[in-house]
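*Asks:* quick one, what's the 3D model for this:
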Amino acid sequence: MIRKRRLQTCIKCWSRKHNESRALCREKCSTLRLDSASGLSSVKMKFENILEEIDGFGPYQIFILVLLCAPRIVLPCHYLLNNFIAALPPHRCDISTLDDGGLFRNWTQQQRLTVSLPLGEDGSFRSCEMFAEPQFQLLVNGSKDFNATTVPCQSGWVYDNSTFTSTLATEWDLVCDRKSLTQTTSSVFFFGVLIGSIASGFLSDR
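*Replies:* The predicted structure follows:
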């Protein structure tokens, strides 16, 4: 009974907010020795001993643990979010500027792309370049080795929205020479995590 009362006094002492009181409690509780005259053993009090005296790991401790773990479950989702919101879908140049006067009116989409976009080494259309002028002769020979003047995309890009309807890359045209900016969004996010961790840690100790 005496031991339990002294433990309760120690716990109440730790619940005080003043730094001087906490320093005094630390000294008292860490050196708290119970002699044989009071029917108690001579042992230094530790957190494990206090926890045992107040019924150990019970429903309240489980509730607190669940509250602490719940935010950690969704935290990885925030870290991986940039892989989806900043995804770069397949894209090509918008060739509407080459269709001056309705030259492509009766052509199929494949024919329009053939005379407007150069081919890459893998045989697919390049994503960041287009011909300065329509190359109609490609409809006849279709040579991959054909050399013509190319320019960067003049009227923006056309994106494949079959997988992602909208991303940071498609909204702000973060492709080609601006492709590196998609990584900047991830750097800004983790910089905010760094500042938030420092600030939150400081505030939680107040």
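*Asks:* show me where this structure has its helices.
*Replies:* Using DSSP state H, the helices found in the chain span residues 2-14, 19-30, 47-53, 59-80, 82-85, 109-116, 168-172, 181-204.
*Asks:* name the residues that touch the longest one?
*Replies:* Translated: helix 181-204. Helix 181-204 has contacts (Cβ atoms under 8 Å, 6 or more residues apart in numbering) with 82, 86, 88, 168, 169, 172, 174. (Glycine included, C-beta is placed from N, CA and C.)
*Asks:* that older thread, let me have the helices of the chain in a markdown table, extended by mean neighbour count, mean pLDDT and distance to residue 158.
*Replies:* Converted to a markdown table, the helices of the chain look like this (neighbours: other Cβ atoms under 10 Å; pLDDT from 0 to 100; distance: least, Cβ to Cβ, whole Å):
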| stretch | mean neighbour count | mean pLDDT | distance to residue 158 |
| --- | --- | --- | --- |
| helix 2-14 | 14 | 57 | 65 |
| helix 19-30 | 13 | 56 | 64 |
| helix 47-53 | 13 | 71 | 64 |
| helix 59-80 | 10 | 84 | 28 |
| helix 82-85 | 13 | 85 | 20 |
| helix 109-116 | 16 | 86 | 10 |
| helix 168-172 | 17 | 89 | 10 |
| helix 181-204 | 11 | 86 | 18 |
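*Asks:* of these, which is nearest residue 154?
*Replies:* Across the helices of the chain, residue 154 has its closest neighbour in helix 109-116 (10.8 Å, Cβ to Cβ).
*Asks:* helices and strands around that closest one, which ones?
*Replies:* strand 129-131 (3 or more Cβ pairs under 8 Å, 6 or more residues apart in numbering; DSSP states H and E).
*Asks:* contact partners of the strand it packs on?
*Replies:* Strand 129-131 is contacted by residues 93, 95, 98, 115-118, 148-154 when judged by Cβ under 8 Å, 6+ apart.
*Asks:* among those, which ones are buried?
*Replies:* Neighbour-count burial within the contacts of strand 129-131 applies to 93, 95, 98, 115, 116, 117, 118, 153; the criterion is 16 or more other Cβ atoms under 10 Å.
*Asks:* contact partners for the residue nearest to the fifth one when sequence neighbours are not counted?
*Replies:* Spelled out, that is residue 116. Using Cβ to Cβ, 6 or more residues apart in numbering and skipping residues adjacent in sequence, the residue nearest residue 116 is residue 95, 4.0 Å away. Neighbouring residues of residue 95 by Cβ under 8 Å, 6+ apart: 112, 113, 116, 117, 130, 155.
*Asks:* count of neighbours near the closest residue to the first one other than its chain neighbours?
*Replies:* What it means is residue 112. Take residue 112 and drop its neighbours on the chain: the residue closest to it by Cβ to Cβ, 6+ apart is residue 104, 4.6 Å away. Other residues lying near residue 104 total 19 when counted by other Cβ atoms under 10 Å.
*Asks:* before we move on, back to that, which of the contacts of helix 181-204 sits closest to residue 68?
*Replies:* Looking across these and measuring by Cβ to Cβ, the closest to residue 68 is residue 82, at 25.6 Å.
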